[in-house]
Every structure is written in C-alpha cells, then in structure tokens.
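Enquirer: Structure for this input, please:
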Amino acid sequence: MTPTPRIPSLLSSPSDVPLPAVLDRLDRLTDWEKRPRGGMRVGLDPMRDLLHRLGEPHERLRVIHVGGTKGKGSVCALIEAGLIRAGLRVGRYASPHVESVAERVCLQGRPVEDARLAQALARALDAHEAARRDGTAGQDATWFDVLTAAALTIFGEAGLDWAVIEVGLGGRLDSTNAVGSEVAVVTNVALEHTEILGTTRAAIAAEKVGILKPGAVLVTTLPADDEAGAVVAARAAALGCPVLRPAISDGAAIEEENAALAGLVLDHLGRSGALGRDGAPLRANLLDAAARASARLPGRLERRRVRTAARAVPVVLDGAHVPFNLAAVLRDLARAPDLSGPCIALVALAGDKDAAGFLSVLAGYGASVVATEMPERRGHAAAALRALAAAEGMEAEAVAAPDAGLTRAADLAARRGGWLLVTGSLHLVGALRAATEA
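Expert: Model (predicted):
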C-alpha cells in the first residue's frame, strides 16, 4: 500500500502567503457556523486524514480539552493564564472569534501572527486538496476541520508544554476530538444545539463527555445526582477515569465558577507531577489577580461604553446565546452598582437558538429589547424576535441593521438613564465592538 504523502512542515513553507488570500480559499469550504446545522456530517475521519497528511502534529502535544455549555472559553483562558504564570509555553485554541480569526489560535496568550496562521492554513488546505485528489476521507473536511488542523499544526511545531483546546460544538464528534488529552473539562450542560446534540440534558451530556479518553481525568461542576451529571459520571466510571468537582458556593459569580474549575485543573496537574519552569508543582494559586485579568476575553461580560449626544452609556458585551447562560450573566450584572438603571438589550440570535426562552429571561429582568439580525448568518429575523418579545409583555422594536440597532438602543438607554446589553451572539458582539470604546 502506498503511504499517504505528507505536507511539508511550516519551517519549509513560504513565509509570504497573504492571510486574506488563504482565508478566501478557506471560505470556499462548508462552514457550519453560517449554515443550518441539521445536515452536519458526523465522524472524525476527515479530521484524522488531514492530521495524518500534516504529520500527526497533535501527537506531540499534552492537551487539556474543555467543553460545556457555558464558560468553556473563559476556563480555557484561565488555565492558559495559570500555565503561563508558571513560566510554561502554552497554546490555546478557541472558537468562535470576535473580531479576527487569529484570535482562535493563541501562543503565550496572544493571537498568532497573520503570516504564521496563513502558512498553517495553506498547508491544511493543501492537505484537503490532496485528499480530494486521492479520494480519501479528508476530501469532506469542513471550514472548522481545516482551521483546527492548522491550529494543531502550529502547536505541534511550537515546542509547547501544554495545549488548551476548546470544543467547538458538542464534543464526541467535534473536530477537536481528534486529540487525546490528559484532562477533560465539562463545565456544565444546558439545552443547546438540540437539533444536533439531543433534546434532553442527558443526551447533550453524552455528547459533551465524549471528549473524555481512557487515562484522563474528568473535571466538572455537574453533581453525580444531576440528570446530566449522572451521564458524565457513568461515562467516567466506564472508562476508569476519576472525576473531580470544585467546591462552588450557591450563587457564585460566573468568574468565580470559571476560576474554581481552572484552579482545580492546575491543582490536579501539580499533584500528578506537572511542574512550572521554577520546578514547583502547578497549583491553583497561580491564578492571582494579574493572571485572572490577563484571561478576560472580549465579548464575555466585557464592560465598555457608547457615546451619545446626551451622555456616555455603559455597555456590556456578552455572547450569551442560551437562557441558562443569559440568566447567569444578568444575575452577575444585577450586582453591579453602576448598572442600576433600566436595561436596553440589543439582541440577535441564531436560528437554532431558543429565542422564546432567551427573551423570557430578559423579560424577567425588566429589560426592553431592540431586536436585530446578522447578515449572512442563519438567524431569527429582527421582526420575529420583536414579536416574541412583545408576547412576553416587553417593550420591543426591530432594527434589522446591527449598527443602526446599536445607535437606537444606545439612544434609548441614554434618555432613560439606563445601560445597554449587547447579547445573543458573539458574531453580533464582534460586528459592533469597534463601535464601542473601553
């Protein structure tokens, strides 16, 4: 049998590949972030074929793999910050991005340079095209497969101590699940992507815990007697994997929950013999105030403002897109003394999201809604969101264009002495973040 040709390493790749041109090649592939997901192909064979052609870069990595309904991006960033604080070399893969695709691939807490990302993407795309010529599984690789393969290629050739990998969607069949890991984190489980992952928390938990591999440890907030927690605990028992749960007080803030999970991961690694550059075991107290500050991500409880003719309006950017997550966000924001006035929420939601449930949560907090929508994204129409909000008894209007929606929502907040929440989609946050200021 003829061996599969390997794509040359980054070290031998040209250094002048322009990123926009490579992204144009990438954008010709199927991107399930922009399409209805009911027809998503399942299986990891395309991803494995790409990685094989790229020299199995993931096999050179020590991986911490993080999934869950909410908080997974922030938990990844906190783990990354703690490992960097210990003097280690770390890569982090995240999704989606807010403003630039390079945000998804970070080395030492910073997005990779455009040239380096372009080279890796070009190699992954070449691998995809070679698979098409050969008629192998990689011919069916998607946009996210190729980007994930590029990220793992960068990490595999960067001499990392650790790679922190965020699940894209679900877990078991996610592109990132081609990696092995020493720690698997399932932050929590709520109803999301039900057309793909299942219609119960138990079914969704079974998909998310699919990232757990034999020999790894599972870290989760889910109690064993919870519907979803029982599923992940049973999977861990079947694989012989220990389960670790952080001590989190009732009503803890989102940031505290995320830090507790990340700290528990670091403590476990330290107890297992993982050392920092100074030779000391890794530990939770690496997450000091400076490390936590460095781990704050754009679009996650991000505080900014918008200037209007009347005054500067406080703005919170948060990509919450399920009722469970939004409720936690609003609970935390209710504790902020500078957000005591009425809330005007600028909302866009993807078509597969529970719009009625999401708006019901906003109604419970007395918010008014300006509904908008994202061009080129599969989503609820602004008029439909306005109607659902009105059915909840909320004051609501529809402004289809996001920039015009931001202007309208900010003006309402300014006149009423209130504040603005931009939510429902990280894509919406990314489109509008530059129109706000720190």
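Enquirer: Only C-alpha atoms from now on, for both contacts and neighbour counts.
Expert: OK.
Enquirer: R416 touches P342, doesn't it?
Expert: Yes. Judged on C-alpha atoms under 8 Å, R416 makes contact with P342 at a distance of 7.1 Å.
Enquirer: These two: which is more packed in?
Expert: Neighbours around R416 and P342, counted as other C-alpha atoms under 10 Å, are more numerous at P342. The numbers are 17 against 13.
Enquirer: Find the residue closest to that one in space, skipping its chain neighbours.
Expert: Of all residues not flanking P342 in the chain, G418 sits nearest, at 4.5 Å (C-alpha to C-alpha, 6 or more residues apart in numbering).
Enquirer: tell me the pLDDT at the one you found?
Expert: G418 carries a pLDDT value of 96.
Enquirer: Tell me how far it lies from D411.
Expert: 10 Å (C-alpha to C-alpha, to the nearest Å).
Enquirer: Repeat that for P57.
Expert: From P57 across to D411, the span is 51 Å (C-alpha to C-alpha).
Enquirer: thinking again about what came up before, which of G418 and D411 has more neighbours?
Expert: For G418 versus D411, neighbours defined as other C-alpha under 10 Å are more numerous around D411 (24 against 20).
Enquirer: helix, strand or coil for that one?
Expert: On the three-state scheme (DSSP: H, G, I helix; E, B strand; the rest coil), D411 is labelled helix.
Enquirer: Give the full set of residues in contact with it.
Expert: When contacts are counted by C-alpha atoms under 8 Å, 6 or more residues apart in numbering, D411 touches T308.
Enquirer: hang on, the earlier thing: just checking, the residue nearest to P342 touches P337?
Expert: No. Counting by C-alpha under 8 Å, G418 stays clear of P337, with 12.0 Å between them.
Enquirer: any low-confidence regions in the stretch 151-300 of the chain?
Expert: With pLDDT under 70 as the threshold, the stretch 151-300 of the chain has low-confidence stretches at 192-196, 198.
Enquirer: where do the helices sit along it?
Expert: Under the criterion DSSP state H, counting those that start in this stretch, helices of the stretch 151-300 of the chain are mapped to 194-197, 201-208, 227-239, 254-271, 289-294.
Enquirer: Kindly reformat those helices as a markdown table containing mean neighbour count and distance to G82.
Expert: Shown next, in a markdown table, are the helices of the stretch 151-300 of the chain (neighbours: other C-alpha atoms under 10 Å; distance: least, C-alpha to C-alpha, whole Å):
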| stretch | mean neighbour count | distance to G82 |
| --- | --- | --- |
| helix 194-197 | 17 | 32 |
| helix 201-208 | 24 | 24 |
| helix 227-239 | 19 | 26 |
| helix 254-271 | 21 | 7 |
| helix 289-294 | 14 | 6 |
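Enquirer: Among these, which comes closest to A355?
Expert: Across the helices of the stretch 151-300 of the chain, A355 has its closest neighbour in helix 194-197 (13.2 Å, C-alpha to C-alpha).
Enquirer: from what I can see P298 touches H97, true?
Expert: No. With contact defined as C-alpha under 8 Å, P298 does not reach H97; the gap is 9.1 Å.
Enquirer: between those two, which one's more packed in?
Expert: P298 (20 against 16).
Enquirer: Look up how far S74 lies from the more buried one.
Expert: Counting by C-alpha to C-alpha, the gap from P298 to S74 is 10 Å.
Enquirer: Kindly export the longest helix along the chain (C-alpha atoms) in CSV.
Expert: Scanning the chain for the longest helix, with DSSP state H as the assignment, gives helix 114-134. Extracted C-alpha coordinates of helix 114-134, given in CSV (Å, rounded to 0.1, in the frame of the first residue of the first chain):
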residue,chain,number,x,y,z
ASP,A,114,-1.0,36.6,10.4
ALA,A,115,1.9,35.1,8.4
ARG,A,116,2.2,32.1,10.7
LEU,A,117,-1.5,31.4,10.6
ALA,A,118,-1.5,31.8,6.8
GLN,A,119,1.2,29.3,6.4
ALA,A,120,-0.5,26.7,8.5
LEU,A,121,-3.9,27.3,6.8
ALA,A,122,-2.3,26.9,3.4
ARG,A,123,-0.7,23.6,4.5
ALA,A,124,-4.0,22.3,5.8
LEU,A,125,-5.8,23.4,2.7
ASP,A,126,-3.2,21.7,0.6
ALA,A,127,-3.8,18.5,2.6
HIS,A,128,-7.5,18.9,1.9
GLU,A,129,-6.9,19.3,-1.8
ALA,A,130,-4.6,16.2,-1.8
ALA,A,131,-7.3,14.2,-0.1
ARG,A,132,-9.7,15.3,-2.8
ARG,A,133,-7.3,14.1,-5.5
ASP,A,134,-6.8,10.8,-3.7
